[in-house]
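Trainee: below is the sequence, then the predicted model.
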Amino acid sequence: MVALTACAAPSNNTDISQTNQGNVIFIHPDGTSASHWGAARMLHYGPDGRLNWDKMSNLGVYLGHLKNQLTATSNAGAVIHATGVKANADSFGLDEKGQPIVAASGKSQTIMEEAVAAGKATAIINSGIIPEPGTGAFVAKTKTRREFAEITKQIVESGVDVILGGGEVFYLPKGTAGRYALASESQREDGVNLIEVAKQKGYTVVYNRDELLNLPPDTKKVLGIFAATDTYNDESEEDLKEKNLPLYVSDAPSVAEMLKATLKVVSQDEDGFFIVLEEEGSDNFCNYNNAKGCIEAIKRADDAVGVAMEFIDQNPNTLLVTAADSDAGGLEVIGVTTKNLPLDKPIPETTRNGAPVDGKQGTATLPFVSAPDKAGNRYPFAVAWAGFSDFTGSVVTKAHGLNADKLPSTVDNTDIYRLMYFTLFGREISNK
């Protein structure tokens, strides 16, 4: 079983000792490649410093191809993580015939749906709208990823204990104002107020950082809604400056803060827990070629990794897995001397081959400056972009804690499911 590869047993599931069972935290820093992590490391910790992500114990090169194309879509990538089987690019939990995908376990349930059925505590966390695929596809199935209102409804009805993210407009009927959503912005056409439904189901509803971080210690179910749409403003640096908008909503909790609060809730469950967390800003900012926002989002994802690692230090029966499904924007760092990137002059708009380049405030602005290295030196750098799309890129999977040593050195996207399943349920799922 060591590398979660194919086994010779005739059964799809092989029982193992329960000592391998435990909790799982899956952090999906969407769109991040090794280059993205490198940019965040340089800016925040310096070339000799280390991210929390760097300190995770095991890693493998991630292969993210789909059933019908090489580069992943966010929805199909999430479906594969949730089911362990390849999906088409347009899938949101359904196969080509419109039927729920049968997972590698043999059930027409995602891994989180199985965890809910098994009585484990569960949580989904997203810095974007809650129906974002990276979390939504773990508990919802629709014909397209654009059915935001329906996906939100399925999430509320899923039995997941903690639901944290943005997207208030998809909880409220048209014409209904919310904490953040204007009456004209609300999207539901079925007349259902999902916030009231959640309250009837026993959820404590919170709307900002302070309310989340001050939940009573005996809280069992939480619905957090922190923005009308996303908790970030995913536009170019220039557009954000023109509109005087911040990168992130000021009173919305970061994903690290969401995770810390969630762990207090789900760790009370004696049957264990499963958390799926997505920092979506790292994908959206990078796809807008907003280097400043992109690196900020990656730092936020890394802070969440740090929270998970601290928890594992005290609770070693927990697995942490991180993986993106693609490389957003094709980010590459240009790190040359101050002769080529003077600290007091705007960077060129493009490289010699025409690739667009960002400084710390966008196009044709001053370069970023790294945190100091061991000798106290700081270095200028710029960010070049391959495009506005998702690419296959140099994505890396990492694992830490329980069963981290089972992570293959080359990780197919279906292996994410297998490692999580092995840890949650104590059964190996063969790779057919």
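Mentor: Alright, I've got the coordinates.
Trainee: neighbours of Thr204, how many?
Mentor: 18 (other C-beta atoms under 10 Å). Yep, even glycine has a C-beta here, placed from its N, CA and C like the rest.
Trainee: how far does stretch 339-356 sit from the chain's center?
Mentor: Taking C-alpha atoms, centre = their mean, to the nearest Å, one finds stretch 339-356 lying 32 Å from the centre of the chain it belongs to.
Trainee: give me the contact list for it.
Mentor: Outside stretch 339-356, the residues that touch it by C-beta atoms under 8 Å, 6 or more residues apart in numbering are 289, 334, 357-359, 363-367, 369, 380-382, 384-386.
Trainee: please narrow those residues to those residing in helices.
Mentor: Among the contacts of stretch 339-356, no member is found in helices (DSSP state H).
Trainee: in strands, which of these appear?
Mentor: When DSSP state E defines the strands, the subset of those inside them is Ile334, Val357, Asp358, Val369, Pro380, Phe381, Ala382, Ala384.
Trainee: which one of the residues you listed has the most neighbours?
Mentor: Asp358 (28 neighbours).
Trainee: closest one of the ones in strands among the contacts of stretch 339-356 to Val85?
Mentor: Ala384 (36.0 Å; C-beta to C-beta).
Trainee: ok, back up a step: between all of the ones in strands among the contacts of stretch 339-356, which two are separated the most?
Mentor: The distance between the two most remote of these (C-beta to C-beta) is 17.0 Å, for Val369 and Ala384.
Trainee: show me where the stretch 1-150 of the chain has its strands.
Mentor: 13-15, 23-29, 58-63, 121-129 (DSSP state E, counting those that start in this stretch).
Trainee: partner strands of the second one, parallel or antiparallel?
Mentor: Going back to what we said before, that points to strand 23-29. Under the criterion DSSP bridges, strand 23-29 sits next to strand 273-279 (parallel), strand 318-322 (parallel) in its sheet.
Trainee: how about those strands in TSV, adding mean pLDDT, distance to Ser35 and mean neighbour count?
Mentor: Listed next are these as TSV, based on pLDDT from 0 to 100; distance: least, C-beta to C-beta, whole Å; neighbours: other C-beta atoms under 10 Å:
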stretch	mean pLDDT	distance to Ser35	mean neighbour count
strand 273-279	98	16	29
strand 318-322	98	16	27
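Trainee: looking at the ones you listed, which is nearest to His36?
Mentor: Closest among the strands paired with strand 23-29, using C-beta to C-beta: strand 273-279, at 11.1 Å.
Trainee: ok, residues contacting the helix or strand following that closest one?
Mentor: Toward the C-terminus, strand 273-279 is succeeded by helix 281-287 as the next helix or strand (DSSP states H and E). Helix 281-287 is contacted from outside by 29-32, 36, 74, 127-128, 230-232, 234, 247-248, 292-294, 296-298, 300-301, 324, 328-329, 331, 388-390, using C-beta under 8 Å, 6+ apart.
Trainee: kindly indicate which of the ones in strands among the contacts of stretch 339-356 lies nearest Val276.
Mentor: Val276 lies nearest to Asp358 out of the ones in strands among the contacts of stretch 339-356, by C-beta to C-beta, at 30.5 Å.
Trainee: so that closest one makes contact with Ile295?
Mentor: No - using C-beta atoms under 8 Å, Asp358 makes no contact with Ile295, being 9.9 Å away.
Trainee: one step back: now the strands of the stretch 1-150 of the chain as a markdown table including mean neighbour count, mean pLDDT and distance to Ile151?
Mentor: Below are the strands of the stretch 1-150 of the chain laid out as a markdown table (neighbours: other C-beta atoms under 10 Å; pLDDT from 0 to 100; distance: least, C-beta to C-beta, whole Å):
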| stretch | mean neighbour count | mean pLDDT | distance to Ile151 |
| --- | --- | --- | --- |
| strand 13-15 | 14 | 40 | 29 |
| strand 23-29 | 28 | 98 | 16 |
| strand 58-63 | 19 | 98 | 25 |
| strand 121-129 | 27 | 98 | 9 |
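Trainee: and of the ones you listed, who's closest to Asn317?
Mentor: Taking the strands of the stretch 1-150 of the chain one by one with C-beta to C-beta, strand 23-29 is closest: 6.4 Å.
Trainee: what about the strands in the stretch 301-432 of the chain?
Mentor: So, for the stretch 301-432 of the chain - with DSSP E, counting those that start in this stretch - the strands run 318-322, 327-328, 332-334, 357-358, 368-369, 380-384, 390-391, 396-401, 410-412, 427-429.
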